[in-house]
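> below: sequence and its predicted model.
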Amino acid sequence: MSNGVLLKIEKLKVQANKKEILKGVNLQIKEGEIQTLLGPNASGKTSLANVILGNPKYNISQGKIFFGGKEITKFPPEKRVKLGMALAWQSPPAIKGVKLSQLLRKISKVTQVRPVSELGKELLEREINLDFSGGEKKISEVLQVLALNPKLVIFDEIDSGLDIKRLELCAKIIKKELIDKKVSVLFITHWGQILQFLKPDLTNVMLGGKIICKSPDYKKVLMVIKKYGYEKCKRCPYISKITK
Amino acid sequence: MDMRNVKGVPISPKLRSNFGGHKLHFWQVDHKIKNISEVPGNIILSSPQAWQKFEWVKKYFERKPREGYFIWIKKEVDFPLATCINIASPKISQDLANLLVIEKGIKVKANVVCSALKNNLCGRHYAQGKLLLKSGSSLEYNHLHQWGQKDFVSPDYEFILEKGAKLLYTYKNLLPPENLKLKTTIQSNENSSSNLSFIINGLNSKIGIEDTILLLGQNSQGIVRLRLVGRKNSQIKAISKIFAKAPGKGHLDCQGLLVDKTAKISLIPELICQNKNAQITHEASIGKISEEELNYLRMRGLTEKEAIDLIVTGFLKM
């Protein structure tokens, strides 16, 4: 696989707890490309992100995942991370007794772990995610992802729980540390707040475990969702025009 | 500073650098005392020597001691006391009787190491210890054990806390022997307090822990924290007890983490109350490693083993 495609997902079907949650997902992300994935609750967005990173909780029943031209469908998560994938979790668990700085030192592929500007400095000596506010968790996730020096980052709901100032600061850092360095990014978002700061090249909409449309114009997609809701996405006149 | 090399066994440079820097210490390897260092006003002797020299110590030993140390802190120092008992040769069986006496109002920090210097020595380490904290004294006692896979270890320590004495005791064993029997008893008199932590990583070992706090005096207090990890082929049984005979307060906090399917942890907290004004409580739990935490760390690039080790390290931190 070439043509600058970094991640390719083909006809992916996935089960968790004996229930099919992804029902044939196709997705391609090129090197340096920014994409977004929109969708209502329980549409499969977080599951897709976890499956891409190889979370063993999910069973792939069909389909393939390629990264940098290599098939990684059966790779364990740590091997995928070593190849250059990273996921910023929506709701990361607390790890008691382990300081964030300790984990950053352990996972860091960059020479020096540092807080990016003042963001997250106060979190370094605290136990990972223990009693962190929603916003602090997001910042901790950004710091961890940056420490991995990735080629592709998936941000799962990075814009939920952050106030507008912190969201803007996060967006600036993501732009400076990732996008400007040609790292590919996939934003998973409910309402697209992050998109006012970082414009995606392509917007995907997921519904019922399938990506049902793709559009280069995120504003139009958001407008359709706002006007008709996700349930009517399939019949959306804008999207049907775009996808034809 | 008086420094005596009691028996002329060669001291390896590594051991000397690890231990020789302490100003106030007792160091024994196998059955031989390698080194004693003391400062004026404080006394460190072998237990048999103390038995000969001081009539009053005899009531603290159950019988005439064969080996072990006698440490009598009469003057406060601004550096820690250190003791180190090693097994370095195969099939050694140590039978130690130790006595530490801290005079009134003195604060002491003690770093205490008992270890096997190799993994395959099949050693036996029996230790009976009495620690007397006189009125108003305080002791921070950091007890570190590191053993080989075939060792048998059985320490039995009794701390006597006189009026207003304070004890902060941490026992850490990350490299357990094949068999460990750890018995600890605290006699807590009026206004005295003890805070005990036991941090044990079970691996290919059978471990029995029995700790008892006796609340004997008005306003005596005691807290016990157990953090036990059951790794491969380990069996851990902990009986943790507070016995309130006086109006004191006590709490037991027992937590186990089962890491391997071949491991077994049994936690038995026991509260016995003989005084209606005493307040004693406990909490106990045994859990497994959370899949979510494990997968989270693996998705940060750690292998499954590295992720488990990190979670266990965090669990054992207090």
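Ah, there it is.
> residue 98 - how many residues pack around it?
Looking at chain A here, since you left the chain open. The number of residues packed near A:V98 is 22, by other C-beta atoms under 10 Å in any protein chain shown. Heads up, the C-betas are built off the backbone N, CA and C, glycines and all.
> that's the other chain; I wanted chain B
B:N98: 24 surrounding residues under other C-beta under 10 Å.
> roughly how far apart are it and chain A?
Plainly put, B:N98 is 32 Å away from chain A if you go by C-beta to the nearest C-beta, to the nearest Å.
> what does B:E103 give?
37 Å.
> dump stretch B:173-187 to PDB, restricted to CA.
What follows is stretch B:173-187, C-alpha atoms only, in PDB (Å, rounded to 0.1, in the frame of the first residue of the first chain):
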ATOM      1  CA  ASN B 173       9.400  -7.600  51.100                       C
ATOM      2  CA  LEU B 174       9.500  -7.600  47.300                       C
ATOM      3  CA  LEU B 175      11.700 -10.700  47.000                       C
ATOM      4  CA  PRO B 176      10.100 -13.200  49.400                       C
ATOM      5  CA  PRO B 177      11.600 -16.600  50.500                       C
ATOM      6  CA  GLU B 178      10.000 -19.900  49.800                       C
ATOM      7  CA  ASN B 179       8.400 -19.700  53.200                       C
ATOM      8  CA  LEU B 180       7.900 -16.600  55.400                       C
ATOM      9  CA  LYS B 181       6.300 -16.500  58.800                       C
ATOM     10  CA  LEU B 182       6.100 -13.000  60.000                       C
ATOM     11  CA  LYS B 183       4.800 -12.300  63.500                       C
ATOM     12  CA  THR B 184       4.500  -8.800  64.900                       C
ATOM     13  CA  THR B 185       3.000  -7.800  68.200                       C
ATOM     14  CA  ILE B 186       2.600  -4.200  69.500                       C
ATOM     15  CA  GLN B 187       1.900  -3.500  73.200                       C
END
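> now check it, is it near chain A?
No. Looking at stretch B:173-187 against chain A by C-beta under 8 Å from any C-beta of the partner chain, there are no contacts, and the closest approach is 14.2 Å.
> give the rounded mean pLDDT of that stretch.
Confidence for stretch B:173-187, expressed as mean pLDDT, is 97.
> how about the helices in chain A?
A:45-53, A:77-83, A:100-107, A:134-147, A:164-177, A:218-228, A:237-243 (DSSP state H).
> name the nearest residue to A:A86, sequence neighbours excluded.
A:P150 (3.9 Å; C-beta to C-beta, 6 or more residues apart in numbering or on different chains).
> give the burial count for that neighbour, as a bare number.
Count around A:P150 with other C-beta under 10 Å applied: 21.
> for chain B, find the nearest of the helices of chain A.
helix A:77-83 (3.8 Å; C-beta to the nearest C-beta).
> now for the residue nearest to A:A86: which residues touch it?
Counting by C-beta atoms under 8 Å, 6 or more residues apart in numbering or on different chains, A:P150 touches A:81, A:84-86, A:178, A:183.
> adding pLDDT, write those residues out as a markdown table.
Shown next, in a markdown table, are these (pLDDT from 0 to 100):
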| residue | pLDDT |
| --- | --- |
| A:V81 | 97 |
| A:G84 | 97 |
| A:M85 | 97 |
| A:A86 | 98 |
| A:L178 | 94 |
| A:V183 | 97 |
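> just flag the most distant two among these.
Maximum pairwise distance in these, criterion C-beta to C-beta, is 15.5 Å, between A:V81 and A:L178.
> who does residue 185 form a beta bridge with?
You didn't say which chain, so I picked chain A. Bridge pairing for A:V185 (DSSP bridges) gives the partners A:I34, A:V153.
> my question was about chain B
Applying DSSP bridges, one finds that B:T185 bridges with B:E158, B:T212.
> next up, phi/psi of the residue of chain B found nearest chain A, please.
Closest to chain A within chain B is B:G314: 2.9 Å, counting by C-beta to the nearest C-beta. Note on B:G314: its backbone torsions stand at phi -70, psi -40 [degrees, to the nearest 10].
> got a list of what it touches?
Applying C-beta under 8 Å, 6+ apart, we find B:G314 in contact with A:95-98, A:127.
> pLDDT weak spots in chain A?
A:1-2, A:110-119, A:232, A:234-244 (pLDDT under 70).
> can you list the residues of it near chain B?
A:53-57, A:76-78, A:81-82, A:87, A:89, A:92-98, A:103, A:106-107, A:109, A:127, A:144, A:148.
> run a quick neighbour tally on the closest residue to chain B within chain A.
Nearest residue of chain A to chain B: A:G97, at 2.9 Å (C-beta to the nearest C-beta). When neighbours are defined as other C-beta under 10 Å, A:G97 has 19 of them.
> next: B:G287.
B:G287, neighbours per other C-beta under 10 Å, totals 11.
> residues contacting residue 53?
Going with chain A. A:L53 touches A:77, A:80-81, A:85-87, A:154, B:299, counting by C-beta under 8 Å, 6+ apart.
> actually, chain B is the one I wanted.
Residues in contact with B:K53 (C-beta under 8 Å, 6+ apart) are B:L45.
> next one: it from B:L45, what distance?
Going from B:K53 to B:L45 by C-beta to C-beta, to the nearest Å gives 7 Å.
> repeat that for A:S133.
From A:S133 to B:L45 the distance is 58 Å (C-beta to C-beta).
> bridging residues for B:K130?
Here B:K130, judged by DSSP bridges, has bridge partners B:L99, B:E158.
> how about B:D151, what does it touch?
Residues in contact with B:D151 (C-beta under 8 Å, 6+ apart) are B:87, B:116, B:121-125, B:177-179.
> now the residue nearest to A:A86: phi and psi?
Torsion angles, degrees, to the nearest 10, at A:P150: phi -80, psi 170.
> show me where the stretch 201-318 of chain B has its strands.
Remark: strands assigned in the stretch 201-318 of chain B by DSSP state E, counting those that start in this stretch are B:206-215, B:221-230, B:235-244, B:249-258, B:264-273, B:279-288.
> leaving out chain neighbours, which residue sits closest to B:L294?
B:A307 (5.2 Å).
> that neighbour: how many residues sit nearby?
Using other C-beta under 10 Å, B:A307 is surrounded by 24 other residues.
> what strand or helix carries B:F26?
Element membership for B:F26, per DSSP states H and E: strand B:24-29.
> output the contacting helices and strands for that strand.
When contacts are defined as 3 or more C-beta pairs under 8 Å, 6 or more residues apart in numbering or on different chains; DSSP states H and E, strand B:24-29 sits against helix B:13-19, strand B:32-38, strand B:42-46, strand B:69-73, strand B:81-87.
> need those in TSV (columns: distance to A:M206 and mean neighbour count).
Formatted as TSV, those follow (distance: least, C-beta to C-beta, whole Å; neighbours: other C-beta atoms under 10 Å in any protein chain shown):
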stretch	distance to A:M206	mean neighbour count
helix B:13-19	59	13
strand B:32-38	70	20
strand B:42-46	73	20
strand B:69-73	70	24
strand B:81-87	63	23
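> distance to chain A and mean pLDDT for these - can I get that in JSON lines?
Below are the helices and strands packed on strand B:24-29 laid out as JSON lines (distance: least, C-beta to the nearest C-beta, whole Å; pLDDT from 0 to 100):
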{"stretch": "helix B:13-19", "distance to chain A": "25", "mean pLDDT": "51"}
{"stretch": "strand B:32-38", "distance to chain A": "35", "mean pLDDT": "95"}
{"stretch": "strand B:42-46", "distance to chain A": "36", "mean pLDDT": "97"}
{"stretch": "strand B:69-73", "distance to chain A": "33", "mean pLDDT": "98"}
{"stretch": "strand B:81-87", "distance to chain A": "27", "mean pLDDT": "97"}
